[in-house]
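Peer 1: for reference, the sequence and a predicted model appear below.
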Amino acid sequence: MKAASPLRLGVPFRRAALLIVALLCAVSMVPGTARADNPIVQTIYTADPAPLVHDGRVYLYTGHDEDGSTYFTMKEWRLWSSADMVNWTDHGSPMSVATFSWASADAWAGQAIHRNGKFYWYVPVKDRASGQMAIGVGVSDSPTGPFTDAIGRPLVRNGEIDPSVFIDDNGQAYLYWGNPNLWYVKLNPDMISYSGSPAQIPLTTAGFGTRTGNPSRPTLYEEGPWVYKRNGLYYNVFAAKCCSEFIAYSTAPGPTGPWTYRGTVMPTQGSSFTNHAGIVDFKGGSYFFYHNGALPGGGGFTRSVAVERFAYNADGSIPTITMTTAGAPQVGTLDPYVRQEAETIAWASGVETERSAEGGMNVGWIEHGDYVKVKGVAFGSGARSFTARVASAAGGGRIELRLGGVNGTLVGTCAVPGTGGWQTWTTVTCPVTGATGTHDLYFTYTGGSGYLFNVDWWQFTGGSGGNLLANGDMESGTTGWGASGGTLSSVTSPVHGGARALSIDGRTASWQGTTQDVTAKLTNGKSYTTSVWVRAHAGTPSAKATLAVTAGGTTTYHQLTPATPVGSGGWTRLTGTATVSWSGTLTAATFYVETAAGTDGFSVDDASFQ
Ligand code: FUB
């Protein structure tokens, strides 16, 4: 599999080039600072981003510029997805020129959309029979494909490119495309046929700005429309002026116009003479995807997809966005206690990916000193062990688990043996110490010379059964706990288990209770189970466990357990399961045991939140 890979010759080149980037970063960065996460993909060159939000993930459909290209030599499309905008999972190539038997070349810029339980992916390709560019449509039951040719012929063919698809609130779908013109057609509800004929959107200077120096193209519109609707306003974000392009936009009161030119979204930047826009809203933020030539060896035909977070102005206008190497901030954290794919990557150096015989992709072409960074990994109260699925046709090597940097704190080392084949998989496990809280996790690969091993997936196990609460059995006194009012103490009687419990008295409001900060331990979108024993000091108050989450400036209260009457004659267990999610940057999360009403004192023991 390795020998057959078309990427193999590119690896040494890429490794050397990425080393240069690493050195540049090393001199320009303060130790410990989070490193750049743009471009999104470092393992291959990517172009023409088309993001799609579905079921809590962003799916990023891209083109693939071949290594060393001197033209738009593009044979396949690629797909990535993320739940947090920084760790991106490589799904390989779910569609290629070969998917369309009638096409001969040019897997250029397209867009995918979800409708009626299916995913439709509109792409420009060269029609073999006519030699003209045409628009094909792939279809799949899954956002990750595989996609098949939906109709076995071009959906539309007029020699122009770059389809964008949009479904209006009334269910009418539109396909837009074009260079040098701008076309649209109304798609039928089946999304694979259309009614009427393709029509041109008039390219007026009022609608698309004024281009100078090219009488045959008086407006700024060049190619790559991205059409969507927000708050009743229709947006067309497009590549403007050639060459080099910049990204501009127009707005309209309806899906077909009349359009008004609104100015620049992203100025000409970034060592690629093309640029290409894709915009989505995700988990409370707005994101602008584009491409540039920022990877080593990058340029107009060796491009890379990147992303910036932005906020619309109050009047709905789009601010000017500039390219950064930092990229978008992370939304939430990554859970190391569930299986994670090795090809889920915030930044990779030296490695590439390939199809795994066990499904999905694996990380391969690993050599000594290569690394993969996974950002914002929430270890919580501590990891105990690390397991990885590995294969090696050579002698194997080691996976060093480091926090905060490629040479950061070492929390574990896993030896990888030779397994007799690059796709002959085995599972290795090693102990972990010192991995608590939330950190960027680096897999630093070490070993001898040549390719060492492949990694398919990994997972940590928690140090205390996954309980996010420190001192949940209260045996360490009040350590880890606080009170939001009243007086907190550690008592030896009554206790539910062990020798100690927590006690709170002197409350003046029902929300005052025992508290613990779990900000660094939460995973966005995760389902948590709570169990805590409570005993009243007087009366029969209804006690409950609550999680207060502050994110994006807003505090949300999650009921972790139902409010349950607790007496003073014995212990009552509060238990429940709740999914905890938030939008924006998480700034505080506090676990409370409180009462629904009243100010009776109570005791708390044997609490878990996991
Ligand atoms: O990637 C090939 C072409 O370059 C796309 O179709 C255009 O939008 C430009 O990005």
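Peer 2: Okay, I see it.
Peer 1: what's near enough to touch the residue nearest the centre of the chain?
Peer 2: Centroid-nearest residue in the chain: residue 82, 2.3 Å away (criterion: C-alpha atoms, centre = their mean). Residues in contact with residue 82 (C-beta atoms under 8 Å, 6 or more residues apart in numbering) are 57-58, 60, 88-89. Backbone N, C-alpha and C define where each C-beta goes, glycine included.
Peer 1: show me which residues of the protein are close to the ligand?
Peer 2: With C-beta under 6 Å from any ligand atom as the criterion, the chain meets the ligand at residues 47-48, 63, 72, 74, 108-109, 124, 161-162, 223-224, 239, 274, 276.
Peer 1: inside strands: which ones of the residues you listed?
Peer 2: The strands, defined by DSSP state E, take in 47-48, 63, 124, 223-224, 239 from the residues of the chain next to the ligand.
Peer 1: format these as JSON lines; extra columns: pLDDT and neighbour count.
Peer 2: Formatted as JSON lines, these follow (pLDDT from 0 to 100; neighbours: other C-beta atoms under 10 Å):
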{"residue": "47", "pLDDT": "98", "neighbour count": "30"}
{"residue": "48", "pLDDT": "98", "neighbour count": "32"}
{"residue": "63", "pLDDT": "98", "neighbour count": "26"}
{"residue": "124", "pLDDT": "98", "neighbour count": "26"}
{"residue": "223", "pLDDT": "98", "neighbour count": "22"}
{"residue": "224", "pLDDT": "98", "neighbour count": "27"}
{"residue": "239", "pLDDT": "98", "neighbour count": "28"}
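Peer 1: okay, and the beta partners of the nearest residue in space to residue 495 that is not next to it in sequence?
Peer 2: Nearest residue to residue 495 in three dimensions, chain neighbours excluded: residue 501, at 4.4 Å (C-beta to C-beta, 6 or more residues apart in numbering). On the basis of DSSP bridges, residue 501 is bridged to residue 491.
Peer 1: residues touching residue 501, list them.
Peer 2: Contact analysis of residue 501 by C-beta under 8 Å, 6+ apart lists 474, 490-492, 494-495, 603-605.
Peer 1: cool, and residue 286?
Peer 2: Going by C-beta under 8 Å, 6+ apart, residue 286 touches 279-280, 309-312.
Peer 1: let me know the closest of those residues to the ligand.
Peer 2: Closest to the ligand out of the contacts of residue 286 is residue 279 (14.9 Å), distances taken as C-beta to the nearest ligand atom.
Peer 1: mind listing the strands the helix or strand hosting the closest one pairs with, and their directions?
Peer 2: Assessed by DSSP states H and E, residue 279 sits inside strand 278-282. Paired with strand 278-282 in the same sheet, following DSSP bridges, are strand 285-292 (antiparallel).
Peer 1: show the subsequent helix or strand relative to the partner strand.
Peer 2: strand 304-310.
Peer 1: residues making contact with that next one?
Peer 2: Here strand 304-310 makes contact (C-beta under 8 Å, 6+ apart) with 38-42, 45-49, 60, 62, 85, 285-295, 298, 318-319, 321-324, 327-329.
Peer 1: contacting residues around residue 134?
Peer 2: When contacts are counted by C-beta under 8 Å, 6+ apart, residue 134 touches 103, 124-127, 154-159.
Peer 1: all strands of the stretch 51-200 of the chain, in order?
Peer 2: Remark: strands assigned in the stretch 51-200 of the chain by DSSP state E, counting those that start in this stretch are 57-65, 76-82, 88-90, 95-96, 103-105, 111-115, 118-127, 133-140, 148-149, 156-157, 164-167, 173-177, 183-187, 194-200.
Peer 1: buried ones in the fifth one?
Peer 2: Counting neighbours by 16 or more other C-beta atoms under 10 Å, one finds that the buried residues in strand 103-105 are 103, 105.
Peer 1: for it, packing partners?
Peer 2: Secondary-structure packing of strand 103-105 (3 or more C-beta pairs under 8 Å, 6 or more residues apart in numbering; DSSP states H and E): strand 118-127.
Peer 1: farthest pair within the residues of the chain next to the ligand?
Peer 2: Spatial extent of the residues of the chain next to the ligand (C-beta to C-beta) is set by the pair 74 and 239 at 16.2 Å.
Peer 1: ok, residue 472 to residue 533 distance?
Peer 2: Here the distance between residue 472 and residue 533 works out to 11 Å (C-beta to C-beta, to the nearest Å).
Peer 1: next one: residue 67
Peer 2: Using C-beta to C-beta, residue 67 is found at 61 Å from residue 533.
Peer 1: for those two, indicate the residue with more neighbours.
Peer 2: Set residue 67 next to residue 533 and count neighbours by other C-beta atoms under 10 Å: residue 533 wins out with 23 against 17.
Peer 1: could you find the closest non-adjacent residue to the more buried one?
Peer 2: residue 496 (4.2 Å).
Peer 1: element containing that neighbour?
Peer 2: Using DSSP H and E, no helix or strand contains residue 496.
Peer 1: coming back round to it: nearest to residue 589 among the contacts of residue 134?
Peer 2: Nearest member of the contacts of residue 134 to residue 589, counting by C-beta to C-beta, is residue 124, at 46.2 Å.
Peer 1: you'd agree the closest one is up against residue 137?
Peer 2: No. Using C-beta atoms under 8 Å, residue 124 is not in contact with residue 137; the gap is 11.1 Å.
Peer 1: now the common contact residues for residue 472 and residue 533.
Peer 2: Residues within reach of residue 472 and of residue 533 at once, by C-beta under 8 Å, 6+ apart, are 606-607.
Peer 1: point out where the stretch 251-400 of the chain drops to low pLDDT.
Peer 2: Residues of the stretch 251-400 of the chain meeting the criterion pLDDT under 70: none.
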